[in-house]
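Visitor: sequence first, then the predicted structure:
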Amino acid sequence: MRSEGRGGDTATPGRGKEGRRGDAATGRRGDSELAETLSDDPITSGLNPADVIVIAYLAIVTLLIIVFSYRIGHWVLLCAGHIAVIALVILLAKFGPPRQVSASPRRPVAPSLPRPLSPSPRLRVFFLLRGWYPLLLIGLTYKELTYLIPRIHPRDFDAALAAIDHRMFGVDPTVWIERFTWPPLTEMFQLTYSTYYLLPMILGVVLWRKRRFDSFFFFVFVLMFGFYLSYLGYIAVPAIGPRFLASIAEAQTKPLTGIWLFVPVRQMLDRAEGITRDCFPSGHTELTLLVLLYAYKLHRRSFWFFLPFGIGIVLSTVYLRYHYVIDVVAGALLAVVVVAVAKPLFGALGGRAPREA
């Protein structure tokens, strides 16, 4: 009996060590699982890099409105609207979950921090709004340029841009290209040109549905950076395009014609965009190249789907008489600048580099 008791007594510490080892292992597993859960969280509290770009652009435009207020009716209301949007962006950023935490020997993740793996429907709506609101702002901030550009910078540079084209090629490119116009080709280019608005949305949806949130937020940041740089370009160099420049319109001898959808699609885009003086740089070129590049980097299958549309969009800018060639060149160069700056700027603003495909 005494030996059994001693055996039992001596066995107990062994079980205690095993228990301690089990507890330690369980704790490590819990910490790693928690860190994984937090790192997969699509939204964190605080401003993300895309928020900063939105706020910076709205602040710049607000400053321009104040400086040129003597030419802008209801400038106070416009400033108040911009400030209200900035406040909403900041408010939205404050209601995210805590910033991501990673386990480390120095700073382990406490086991008491786990959050639900399945957020409530209300939280899902918040995540959706937090992720996608910048893309909704693109259209709204674009439309205000129709009103603001002629008042902030009331001079069109079409003659200067057309002169640069003529100096480079010895002819007006849109006039020279008309010899190659063909109704089926015109129809295809017009339909392809309109997909410009869809490609970034499709890539965003693909990344979101695959829960690749690091890639999604980086891509949204790149889009906002690219769009808003082009918008500032429109303000700096207003132009309405070769189809509206009298000297080129008079030189054109062959109108563009399609088959079935060319006219209604062209009229729909004209009504949606208005006369926005948005030629230089070519946003269609810049953003299409950015979408193609980051589709290649982030989701290779999407790239091969987008590629024919992207080539068609860039070619159609001049063929359809929307842009001067120098606009396309400037748009391509701006895309290069965005790519060169995007990753270091994203990191400097607190973002996390995404995993490439």
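Guide: Looks like it arrived, so ask away. Numbers count the residues shown, from 1 in each chain.
Visitor: phi, psi of the closest residue in space to residue 178 that isn't next to it in sequence?
Guide: Once flanking residues are discounted, residue 178 sits nearest to residue 254: 4.5 Å by CB to CB, 6 or more residues apart in numbering. Using the backbone N, CA and C atoms, a C-beta is placed for each residue, glycine as well. Backbone torsions for residue 254, taken as degrees, to the nearest 10, come to phi -130, psi 110.
Visitor: could you do the one 4 residues further on as well?
Guide: Backbone geometry at residue 258, expressed as degrees, to the nearest 10, gives phi -110, psi -150.
Visitor: any idea how far the closest residue to residue 279 other than its chain neighbours lies from residue 324?
Guide: Nearest residue to residue 279, sequence neighbours excluded (CB to CB, 6+ apart): residue 239, at 3.9 Å. Relative to residue 324, residue 239 is positioned 8 Å away (CB to CB, to the nearest Å).
Visitor: neighbour count winner among the two?
Guide: Between residue 239 and residue 324, residue 324 has the larger neighbour count (other CB atoms under 10 Å), namely 32 against 25.
Visitor: secondary structure element holding the most centrally placed residue in the chain?
Guide: When CA atoms, centre = their mean is applied to the chain, the residue found nearest the centroid is residue 223 (2.1 Å). Take DSSP states H and E as the rule and residue 223 turns out to sit in helix 213-236.
Visitor: who does that helix touch, helix- and strand-wise?
Guide: Contact here means 3 or more CB pairs under 8 Å, 6 or more residues apart in numbering; DSSP states H and E; on that basis helix 213-236 packs against helix 49-67, helix 121-152, helix 199-209, helix 283-298, helix 325-348.
Visitor: can you give the domain ranges for this protein?
Guide: Using automatic domain parsing, the domain ranges for the chain come out as 24-154, 156-357.
Visitor: and the ones you listed, which one averages the lowest pLDDT?
Guide: Note on the domains of the chain: lowest mean pLDDT is at domain 24-154, with a mean of 76.
Visitor: shared neighbours, residue 239 and residue 324?
Guide: When contacts are counted by CB atoms under 8 Å, 6 or more residues apart in numbering, residue 239 and residue 324 are jointly contacted by 158, 161, 279, 280.
Visitor: could the residues you listed go into a markdown table alongside neighbour count, secondary structure and distance to residue 329?
Guide: Converted to a markdown table, the shared contacts of residue 239 and residue 324 look like this (neighbours: other CB atoms under 10 Å; DSSP: H, G, I helix; E, B strand; the rest coil; distance: CB to CB, whole Å):
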| residue | neighbour count | secondary structure | distance to residue 329 |
| --- | --- | --- | --- |
| 158 | 22 | helix | 16 |
| 161 | 23 | helix | 11 |
| 279 | 30 | coil | 12 |
| 280 | 26 | coil | 10 |
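Visitor: save the residues you listed as JSON lines, and put in distance to residue 331 too.
Guide: JSON lines is the format used below for these (distance: CB to CB, whole Å):
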{"residue": "158", "distance to residue 331": "16"}
{"residue": "161", "distance to residue 331": "13"}
{"residue": "279", "distance to residue 331": "10"}
{"residue": "280", "distance to residue 331": "9"}
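Visitor: out of these, which comes closest to residue 183?
Guide: Closest approach between the shared contacts of residue 239 and residue 324 and residue 183, by CB to CB: residue 279, at 25.1 Å.
Visitor: separation between the closest one and residue 177?
Guide: Separation of residue 279 from residue 177 (CB to CB): 17 Å.
Visitor: residue 339 versus residue 315, what's the distance?
Guide: Taking CB to CB as the measure, residue 315 falls 21 Å from residue 339.
Visitor: right, I mislabeled it, should have said residue 312
Guide: Relative to residue 339, and taking CB to CB, residue 312 is found at 22 Å.
Visitor: comparing those two, which shows the higher neighbour count?
Guide: For residue 312 versus residue 339, neighbours defined as other CB under 10 Å are more numerous around residue 312 (19 against 16).
Visitor: just say helix, strand or coil for that one.
Guide: Secondary structure, DSSP: H, G, I helix; E, B strand; the rest coil: residue 312 is helix.
Visitor: which non-adjacent residue is nearest residue 281?
Guide: residue 330 (3.6 Å).
Visitor: contacting residues for that neighbour?
Guide: Neighbouring residues of residue 330 by CB under 8 Å, 6+ apart: 233, 280, 281, 282.
Visitor: ok, and residue 79, which helix or strand is that part of?
Guide: Going by DSSP H and E, residue 79 is in helix 75-94.
Visitor: how far off centre is that helix?
Guide: Its chain's average C-alpha position is 20 Å from that of helix 75-94, according to CA atoms, centre = their mean, to the nearest Å.
Visitor: just stretch 288-304 next, same as before
Guide: Distance, centroid of stretch 288-304 to centroid of chain: 13 Å (CA atoms, centre = their mean).
Visitor: so which bits of it are buried?
Guide: For stretch 288-304, the neighbour count (16 or more other CB atoms under 10 Å) marks 288-299, 302-303 as buried.
Visitor: swap in stretch 302-322?
Guide: For stretch 302-322, the neighbour count (16+ other CB under 10 Å) marks 302-303, 306, 309-310, 312-322 as buried.
Visitor: again, but for stretch 275-284
Guide: Buried-residue list, stretch 275-284, by 16+ other CB under 10 Å: 276, 277, 278, 279, 280, 281, 282, 283, 284.
Visitor: how close does the residue nearest to the centre of the chain sit to residue 65?
Guide: Look at residue 223 and residue 65: by CB to CB, they are 24 Å apart.
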